[in-house]
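[1] Sharing a model that was predicted from the sequence below.
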Amino acid sequence: MSQYVCVRVTRMDEIDVALFERDWHNTLYFFFLNSDEQIYMRYGGRDPASPDTYLNLDSIELALKRGLELHEQYKQGKLPKTGKPGPKFPREYPLLVERTFKRNACVECHLIGDFQNLHREQDGTLDKLVHLFRSPDIKTIGIDLDIPKGLLVKGARAAAADAGMKPGDTIAAVNGRPVYTFADLQFVYDKTPRNADIVKLTVERAGKPQELTLKLPERWWWTDLRFRQSSVDPKLYFDSKPLTAGGKEKFGLKPNGFASQVSYVSSMAQLMKVHELKTGDIVYAVDGVDVDPLANTAELYIQLHKKPGDSAQLDVIRDGARIKIELKSQRMSFRK
């Protein structure tokens, strides 16, 4: 650590957010860069389960050592220089200025991501698969890391195992881009086009590189959004699980439909007068639509196709009877 110049950024007011691009909902994030502003690597990242799943003192020590090695390579001309994106600063987001600068308030990291999305929503460039469902969970494709040891694979399942990944492999690149830490892996993996069918990983095995092609499963990009508290995510205050094939057949529903059974209803639903759903209800259509190429639950369909504050009519099966329930989604309006 003593070989680094350490800077702690406590507020984002004057920071180039294009240079320091990341998933802004991470609790802690380090950038390893030189005086030319070339970023060697990153450290941080999280999953929906916990803000510190991938944070560990042993792994950050590995990262610090690797950063020094990369810096030596750079000084010797052995590490190619990379271009920088055009600068972008918080004052260039009018909605963020109104929320922070004009109120003499601090520009916090999570506000950057939130107000970027609000502007995207405003100008019609918001892509929810990309901008809302950030940082897909690598466990979905069957990768379990030995976290204190960086990108060492502890277990391989599902798509990862099918592609030939083995415990003891070390992940070295994603789609041809070198990765050194979990943060690197998560950042580069997040750049995978959401309509992609495969992702290519390079692993080191017994000191030699191995190229693996993983077939991506349906909705590989899906992540639990609740910890993000995003303003462009319509708040529904219920969770649902996809109805089984047998369940759909039992109720005469389309086998390729997004019918789902309500598994949880927040007390906020009644307080905010969002809907009158109950646990056990089966929602099989939204505004008359019951099939969608992306959604496998009614909840996901609404998240993808509705804006916060939009209303919808739900077709519901409750105790065997078919009823209609009105839903009025909510927009997150308060930021800590």
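    Thanks, I have it. Residues are numbered from 1 along each chain as shown.
[2] mind listing the strands for the protein?
    For the chain, the strands defined by DSSP state E cover 29-33, 39-44, 143-145, 153-156, 170-174, 177-178, 198-205, 208-215, 238-242, 260-265, 282-286, 311-318, 321-328.
[3] closest to residue 275 out of those strands?
    Comparison of the strands of the chain against residue 275 by CB to CB identifies strand 321-328 as nearest, at 4.3 Å. C-beta here means a position set from N, CA and C on the backbone, and glycine is covered the same way.
[4] residues near residue 319, how many?
    Neighbour count for residue 319, taken as other CB atoms under 10 Å: 8.
[5] Which one, of the strands of the chain, ends up nearest to residue 123?
    Nearest to residue 123, of all these, is strand 311-318, at 23.6 Å by CB to CB.
[6] buried stuff in that closest one?
    Under the neighbour-count criterion of 16 or more other CB atoms under 10 Å, strand 311-318 has 312, 314-318 buried.
[7] Stretch 80-88 now?
    So, applying 16+ other CB under 10 Å, buried residues of stretch 80-88: residue 88.
[8] Just the C-alpha atoms of that stretch, please, in CSV.
    Extracted in CSV, the C-alpha atoms of stretch 80-88 (Å, rounded to 0.1, in the frame of the first residue of the first chain):
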residue,chain,number,x,y,z
PRO,A,80,-0.2,-1.0,-24.3
LYS,A,81,-1.7,2.4,-23.7
THR,A,82,-5.5,2.6,-23.8
GLY,A,83,-7.7,5.5,-24.9
LYS,A,84,-9.8,7.5,-22.5
PRO,A,85,-13.5,8.4,-22.9
GLY,A,86,-14.5,12.0,-23.3
PRO,A,87,-14.9,13.6,-20.0
LYS,A,88,-18.3,13.9,-18.3
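[9] what about it, average pLDDT?
    Stretch 80-88 carries an average pLDDT of 91.
[10] What ranges does this structure have for its helices?
    With DSSP state H as the criterion, the chain has helices at 57-75, 94-99, 109-123, 158-162, 182-189, 245-250, 267-271, 298-305.
[11] What lies in contact with the last one?
    Outside helix 298-305, the residues within contact range by CB atoms under 8 Å, 6 or more residues apart in numbering are 128-129, 132, 222, 225, 233-234, 236, 238-240, 258-260, 283-286, 289, 292, 294-295, 312, 314, 327, 329.
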